[in-house]
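[1] pasting the structure only:
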């Protein structure tokens, strides 16, 4: 871990105006270093999801600065932020977000299609990603033919097929039983360890947060605790 890949400098996020103003973040300072596995926790309304959305360039701060690899994201145009998401970030969601009538390998290919890769290269890289999550044998199955755990592993393959610098996982085990949850967490841990991908995960489960090397706990729009 040499330098911060993610940095918040007094980041705030507010909604409304005047007496109706509400704050999701209240001047947060935060650094996440290259190669870290970080869990973000906190009760509902604590600001953890807002922080994650800002990190993922899905939202922008009302105040302060968000730096990605030293670049002030606030100075980027909308198209530039989209390119940052496409080229440097991978996303895993609680609800899998797979295309229902499309095969596993075609789902994994989707981010590569947006990058403009040719069909042969897309297919080779997608199959390699599926193999890395142990699902090469179901490459041509649709999501409806897969278990919940398998669907989440396809979603992880889709997230890592672009070799992202940062993987953002939002409650990745929320729809899985305990055994499948640990399988998914072991995968995320292996990609962090073996590929050097920085993993940032929102979770409400202490058992899953234990896979991270650092836990950042939010409350009332502020960082309440950092635990190593």
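    It's in. Quick caveat: nothing in here was measured; it's all calculated off a predicted structure.

[2] helices along the protein, start to end?
    With DSSP state H applied, the chain shows helices at 48-55, 78-88, 104-114, 119-132, 148-160, 178-195, 206-209, listed in chain order.

[3] which other residues reach the second one?
    Around helix 78-88, the neighbours that count as contacts under CB atoms under 8 Å, 6 or more residues apart in numbering are 56-58, 68-69, 73, 76, 111, 114-115, 162, 164-166. C-beta: built from backbone N, CA, C; applies to glycine.

[4] make it 7 Å
    56, 57, 68, 73, 76, 114, 115, 164, 165, 166 (CB atoms under 7 Å, 6 or more residues apart in numbering).

[5] same deal with the third one?
    Taking CB under 7 Å, 6+ apart as the criterion, the residues outside helix 104-114 that touch it are 86, 98-99, 122-123, 125-127, 129-130, 135, 138-141, 154, 157-158, 161-162.

[6] please check these and keep the buried ones.
    By neighbour count, with 16 or more other CB atoms under 10 Å, these hold 98, 122-123, 125-127, 129-130, 135, 138-139, 154, 157-158, 161-162 as buried.

[7] which two from the residues you listed end up farthest apart in space?
    The two members of the buried ones among the contacts of helix 104-114 with the most space between them (CB to CB) are 138 and 162, at 21.0 Å.

[8] which residues does residue 71 form beta bridges with?
    residue 68 (DSSP bridges).

[9] ok, now how distant is it from residue 105?
    As judged by CB to CB, to the nearest Å, residue 71 and residue 105 stand 34 Å apart.

[10] kindly report the same for residue 33.
    Note on residue 33: its distance to residue 105, by CB to CB, is 34 Å.

[11] among the two, which residue is more densely surrounded?
    The neighbour count for residue 33 versus residue 105, taken as other CB atoms under 10 Å, is higher for residue 105 (21 against 16).

[12] OK, contacts around the residue nearest the centre of the chain?
    Nearest to the geometric centre of the chain sits residue 168, at 1.0 Å (CA atoms, centre = their mean). Counting by CB under 7 Å, 6+ apart, residue 168 touches 52, 55, 56, 89, 90, 91, 200.
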